[in-house]
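Chemist: need a structure here:
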Amino acid sequence: MNFTSEHLKNADTRNDLIKIAKKNGIPVQKTLDKLRYEAELKQLQIEMVNLQKWIAKKKKRLAIIFEGRDAAGKGGSIKRLKQHLNPRSSRVVALSKPTEVERGQWYFRRYIKVLPNPGEIVFFDRSWYNRAVVEPVMGFCNEEEYEQFIVQVPEFEHLLYEDNLIMIKFWFSISKDEQQERFESRLQNPLKQWKYSPVDMKGQELWDRYTYYKEQMFSKTHTNFSPWIIVKANSKKKARLESMRYILSKFNYEGKGESDTTLLPDPNIVMRYHRSATQIDI
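Modeler: Numbering: from 1, shown residues only. All right, here's what the predicted structure looks like:
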């Protein structure tokens, strides 16, 4: 059963609609959940605007890295994070495959060029960690290149840390079944088909190899100065809200908390990597 025109005429507020729905057995829980999500998202986006103002004022440099399996929700989270930020001091980096010239350069060089400037936030939709998981799984790098990267990346990130660049590294974690559902959804939606690539097609087939290299990456690049933050992302909306809360919780910016929503992330959804943690993308 749906709302009738008579129901709508008798409702002046959202609470009136909820009362009518309960009285007439109209299912509205999904709609209510969406409204709550949108209200929370708006409050957290207000906080993000305040954080950006503070970063610009203090000339801080913030790099936020989003990694995870294909269809984990990285791009959707970045979109919501950046939605209301000033584009003059925030940007998204999503580099395509390296050119022939770039392949002959030091691997980190093309990423150094796009690191945040003073007063700027940069969101990395994938990053130099392509070489930690995707490239070895898909055969886009050789073993020597992989081993050199794994040795160099903690040193590279330590140099950035010593230079006062603030970096947050997210790994968005989804289950194999959830990934398959999202792939199928992309193929059925003409607006999202461009997201589905030959690499995605191998995601399910090579799941275990991805798992192996993911675990290698965590064990060798999770450091005190640059830790991995795991986000359980089977629920896209929860992953977006809780990753925003994690970012906001790390800074004491002017106007913090004025939005009147909690800025403490749910520890059941967002957590530092540690070997004993229960993972969903294994």
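Chemist: show me where the stretch 151-282 of the chain has helices.
Modeler: Secondary structure of the stretch 151-282 of the chain (DSSP state H, counting those that start in this stretch): helices located at 176-188, 198-205, 207-221, 236-249.
Chemist: Generate a markdown table for those helices, with mean neighbour count as supplementary columns.
Modeler: In this view, the C-beta of every residue, glycine as well, is placed from N, C-alpha and C. As requested, the helices of the stretch 151-282 of the chain are arranged in a markdown table below (neighbours: other C-beta atoms under 10 Å):
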| stretch | mean neighbour count |
| --- | --- |
| helix 176-188 | 16 |
| helix 198-205 | 14 |
| helix 207-221 | 17 |
| helix 236-249 | 22 |
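Chemist: and these, which one is worst for confidence?
Modeler: Ranked by mean pLDDT, the helices of the stretch 151-282 of the chain end with helix 198-205 at the bottom, a mean of 80.
Chemist: contacts for that one?
Modeler: Here helix 198-205 makes contact (C-beta atoms under 8 Å, 6 or more residues apart in numbering) with 69-71, 134, 137-138, 176, 179-180, 183, 186, 210.
Chemist: 6 Å instead, please
Modeler: Helix 198-205 has contacts (C-beta atoms under 6 Å, 6 or more residues apart in numbering) with 70, 180.
Chemist: Number the residues from 25 up from this point.
Modeler: Fine by me, first position is 25 from now on; the one you just mentioned is helix 222-229.
Chemist: CA-only coordinates of it, as PDB, when you get a sec.
Modeler: Coordinates of each C-alpha in helix 222-229 appear next as PDB, following Å, rounded to 0.1, in the frame of the first residue of the first chain:
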ATOM      1  CA  PRO A 222      38.500  -5.900 -17.800                       C
ATOM      2  CA  VAL A 223      40.300  -5.600 -14.500                       C
ATOM      3  CA  ASP A 224      37.000  -5.800 -12.700                       C
ATOM      4  CA  MET A 225      36.100  -9.000 -14.600                       C
ATOM      5  CA  LYS A 226      39.100 -10.600 -13.000                       C
ATOM      6  CA  GLY A 227      38.200  -9.400  -9.500                       C
ATOM      7  CA  GLN A 228      36.100 -12.500  -8.600                       C
ATOM      8  CA  GLU A 229      38.300 -15.000 -10.400                       C
END
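Chemist: quick one: it to helix 200-212, angle?
Modeler: Here helix 222-229 runs at an angle of 150 degrees relative to helix 200-212 (axes from the mean of the first three to the mean of the last three C-alpha atoms, to 10 degrees).
Chemist: show me what contacts the residue nearest the centre of the chain?
Modeler: Closest to where the C-alpha atoms of the chain average out (C-alpha atoms, centre = their mean) is Lys98, at 4.0 Å. Shown in contact with Lys98 (C-beta under 6 Å, 6+ apart): 90, 92, 149, 196.
Chemist: Can you show me the strands along the stretch 75-224 of the chain?
Modeler: For the stretch 75-224 of the chain, applying DSSP state E, counting those that start in this stretch gives strands covering 85-92, 114-117, 144-149, 190-197.
Chemist: For the third one, enumerate its sheet partners and note whether each is parallel or antiparallel.
Modeler: Each strand that pairs with strand 144-149, with its direction, by DSSP bridges: strand 85-92 (parallel), strand 114-117 (parallel).
Chemist: Give me the angle between it and helix 260-273.
Modeler: Calculated by the same axes, to 10 degrees, strand 144-149 forms an angle of 150 degrees with helix 260-273.
Chemist: about what we covered before: so which of the strands paired with strand 144-149 is the most packed in?
Modeler: Comparing the strands paired with strand 144-149 on average neighbours per residue, with mean count of other C-beta atoms under 10 Å, the densest one is strand 85-92 at a mean of 22.
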